[in-house]
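# missing the sequence, but the structure's below:
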């Protein structure tokens, strides 16, 4: 499997500095980052490490779940997956840490009942590579079939 890369060019200190994150493997874009907007309720067009983790987690989870649904003999018509990643104080070690991730998935699946979907959803939560990498963070799941 290939290695994927991103790079950040940063100038200044934590609170007065800023940077640009570049998705170098894909060339998909370059995004502004800075700490004041990272810690603010309104990101105002600036991304953050937490948003990038959320993007990675939602994409990885969707792929993992679609594979597990297929392995169960069912067909995915649509999955809507979101990941909410929270940054908070690290009271034990100081600084900050990811304090929680909530995965929310709504699925349109043929050939799987709610219990089967829940089982696949939980297995995807445990088995997707990004979930494994983030095992130190409390990950909760809200999964349901629609339609």
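It's in. What you see is a predicted model; the values in this text were computed from it and never measured.
# what's the longest helix seen in the chain packed up against?
For the chain, the longest helix by residue count, based on DSSP state H, is helix 49-71. Counting contacts by 3 or more C-beta pairs under 8 Å, 6 or more residues apart in numbering; DSSP states H and E, the secondary-structure elements packed against helix 49-71 are strand 75-89, strand 96-110, helix 114-127, helix 129-133. C-beta here means a position set from N, CA and C on the backbone, and glycine is covered the same way.
# Quick one: closest of the ones you listed to residue 68.
Minimum separation from residue 68 across the helices and strands packed on helix 49-71 (C-beta to C-beta) falls at helix 114-127, 4.2 Å.
# the inter-axis angle of that closest one versus strand 96-110?
Using axes from the mean of the first three to the mean of the last three C-alpha atoms, to 10 degrees, one finds that helix 114-127 and strand 96-110 are set 150 degrees apart in direction.
# and residue 88, what are its bridge partners?
Beta-bridge partners recorded for residue 88 (DSSP bridges): residue 97.
# so who does it touch?
If a contact means C-beta atoms under 8 Å, 6 or more residues apart in numbering, then residue 88 has 96, 97, 98, 99 as its contacts.
# least trustworthy helix or strand in the protein by mean pLDDT?
Taking all helices and strands of the chain together, the one with the lowest average confidence (mean pLDDT, DSSP states H and E) is helix 35-38, at a mean of 92.
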